[in-house]
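Chemist: For reference, the sequence and a predicted model appear below.
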Amino acid sequence: MASSVLSLASATPSASLSSHEISKGKLNLGSTSLCFSKEKTNPFIKTKSFGRVSMVVASNVSRFEGITMAPPDPILGVSEAFKADNHELKLNLGVGAYRTEELQPYVLNVVKKADQLLLEKGENREYLPIEGLAAFNKVTAELLLGADNPVIKQQKVATVQGLSGTGSLRLAAALIERYFPGAKVLISSPTWGNHKNIFNDARVPWSEYRYYDPKTVGLDFEGMISDIKAAPEGSFILLHGCAHNPTGIDPTPEQWEKIADVIQEKNHIPFFDIAYQGFASGSLDADASSVRMFVARGMEVVAAQSYSKNLGLYAERIGAINVVCSSPDAAARVKSQLKRIARPMYSNPPVHGARIVANVVGDPTLFKEWNEEMEMMAGRIKNVRQKLYDSLSSKDKSGKDWSFVLKQIGMFSFTGLNKAQCDNMTNKWHVYMTKDGRISLAGLSLAKCEYLADAIIDSYHNVS
Ligand code: PLA
């Protein structure tokens, strides 16, 4: 911040002027036409004999001159680059957004039905309370923890509707910054790129724990455990509830138990980001089992949820932050503070998507249909995963083992391609992907698997 303010000042030609002169210049702005009327030229360019003060006024130099161009976002920026490419074979495997076999965006049938119901009811557009829609908060905690989880009945869960997964993580980060000063968040290496931005912007210190082992293209379980053990007592350990992004590698149930053991031993606080519930296995319950296991141990748990992927509500920005506390009293206080953080940030969350979730989860028929659609989506991704593996194995004669593609789960495959190889994928093959080697299989069709396999094999063998 400070440096951008400084450079702003030094980048203007008026750097040598006193503040008095500058403010004089500012005043003159309002009467430029008067001052320059005799010149009969563009007053914003012509500066003739008006001295230094008028020079400031006359030049069209922005007060924002010192603000440098931000780089494109490593994930959402890929979609922008994709749009700008006219090649007929182009493929967008950057952002994790579900597409049909025809590579079109997909609105779930249950969402359409819930939309219709809402239209018929003619709901108003009044502000929601700061914590969000009560019916949404109820079902979202139940979906995460299981409807009959004792912590819900005991009112030990503080649930606040956030601006989808990202906004919910940001609320939790602000809570950590405010009430756990100096506490560190440990994030996996690698992780979803935006985690670092979120904690940086919230001024929460973070460091990484080992997670991915490039040699085995699997989990570095020993490294993970020893890094969590080595973290200062009382750290927050950020865990992907299921379908780890970007690697697609999740711990086994036994490994999860051991992770919980060390977190408990070290008095750390587990902080789940569960953005793909239902997308990893096709089952909402199975995908929440990691979170539920920690809660069943009586641990206090933070969990951010998102409905972007599993209900396809991407642009509605629907999610929640849940803090499972050891007493109802603590939960009430945590909730009150989450609301206090939310109020000056965005005041209150959006209503439409929250009503959709409440209707779909709260209605047994729609809920059943949702589960079927989710299974269908997860199934389509599994099919392209299999076809991609088959294509890679049959086309590549080098003997390389591509079976890691099948071992990974969720929306993504972590290919292991380096930056230069990823550049080749995009520049030569028009395959858009993130530069960490991640491809979104949700954006792939069976028909494009062979083309993608050719692109990967070429990039892997011919680019170093
Ligand atoms: N957490 C993880 C692990 C994610 O992968 C994402 C989304 C989110 C949270 C936040 O999603 P939400 O705010 O829409 O609820 N990751 C995407 C999109 C799908 C993105 O980067 O924003 C991705 O392509 O990685």
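Modeler: In hand now; what should we look at?
Chemist: Now the terminal residues of stretch 385-404, how far apart.
Modeler: 10 Å (Cα to Cα, to the nearest Å).
Chemist: Pull out the buried residues from it.
Modeler: 385, 387-392, 396, 402, 404 (16 or more other Cβ atoms under 10 Å). All C-beta spots, glycine's among them, are computed from the backbone N, C-alpha and C.
Chemist: of all those residues, which comes closest to the ligand?
Modeler: For those, the residue nearest the ligand by Cβ to the nearest ligand atom is residue 385; the value is 16.8 Å.
Chemist: Need the contact partners of stretch 71-81.
Modeler: Applying Cβ atoms under 8 Å, 6 or more residues apart in numbering, the external contacts of stretch 71-81 come out as 92, 94-95, 193-194, 426, 432-436.
Chemist: Quick check on those residues: which are buried?
Modeler: 92, 94-95, 193-194, 426, 432-436.
Chemist: ok, back up a step: same list (the contacts of stretch 71-81) but as a markdown table, adding secondary structure, pLDDT and distance to the ligand.
Modeler: Formatted as a markdown table, these follow (DSSP: H, G, I helix; E, B strand; the rest coil; pLDDT from 0 to 100; distance: Cβ to the nearest ligand atom, whole Å):
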| residue | secondary structure | pLDDT | distance to the ligand |
| --- | --- | --- | --- |
| 92 | strand | 96 | 11 |
| 94 | coil | 95 | 7 |
| 95 | coil | 92 | 4 |
| 193 | coil | 93 | 7 |
| 194 | helix | 97 | 6 |
| 426 | helix | 97 | 16 |
| 432 | strand | 97 | 12 |
| 433 | coil | 97 | 11 |
| 434 | coil | 95 | 8 |
| 435 | coil | 94 | 13 |
| 436 | coil | 93 | 10 |
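Chemist: who are the neighbours in contact with residue 280?
Modeler: Neighbours of residue 280 in contact, by Cβ under 8 Å, 6+ apart: 242-243, 250, 286-287, 378, 409-410.
Chemist: same question, residue 203
Modeler: By Cβ under 8 Å, 6+ apart, residue 203 lies in contact with residue 177.
Chemist: pLDDT at it, what is it?
Modeler: For residue 203, the pLDDT comes out at 98.
Chemist: In three-state terms, how would it be classified?
Modeler: Under DSSP: H, G, I helix; E, B strand; the rest coil, residue 203 falls in the coil class.
Chemist: Contacts only, for residue 314.
Modeler: When contacts are counted by Cβ under 8 Å, 6+ apart, residue 314 touches 97, 308.
Chemist: switch to 6 Å and redo it
Modeler: Residue 314 makes contacts with residue 308, as judged by Cβ atoms under 6 Å, 6 or more residues apart in numbering.
Chemist: Give me the phi and psi for it.
Modeler: Main-chain torsions, residue 314, degrees, to the nearest 10: phi -30, psi -60.
Chemist: What separation do you get for it and residue 287?
Modeler: 19 Å (Cβ to Cβ, to the nearest Å).
Chemist: Residue 367 now?
Modeler: For residue 367, the distance to residue 287 (Cβ to Cβ) stands at 15 Å.
Chemist: the more surrounded of those two?
Modeler: residue 287 (25 against 17; other Cβ atoms under 10 Å).
Chemist: That one is in contact with residue 243, isn't it?
Modeler: No. Residue 287 is beyond contact range of residue 243, at 7.4 Å (criterion: Cβ atoms under 6 Å).
Chemist: and the residue nearest in space to the middle of the chain, what pLDDT?
Modeler: By Cα atoms, centre = their mean, the mean C-alpha position of the chain lies nearest to residue 166, the distance being 4.9 Å. The model reports residue 166 with a pLDDT of 98.
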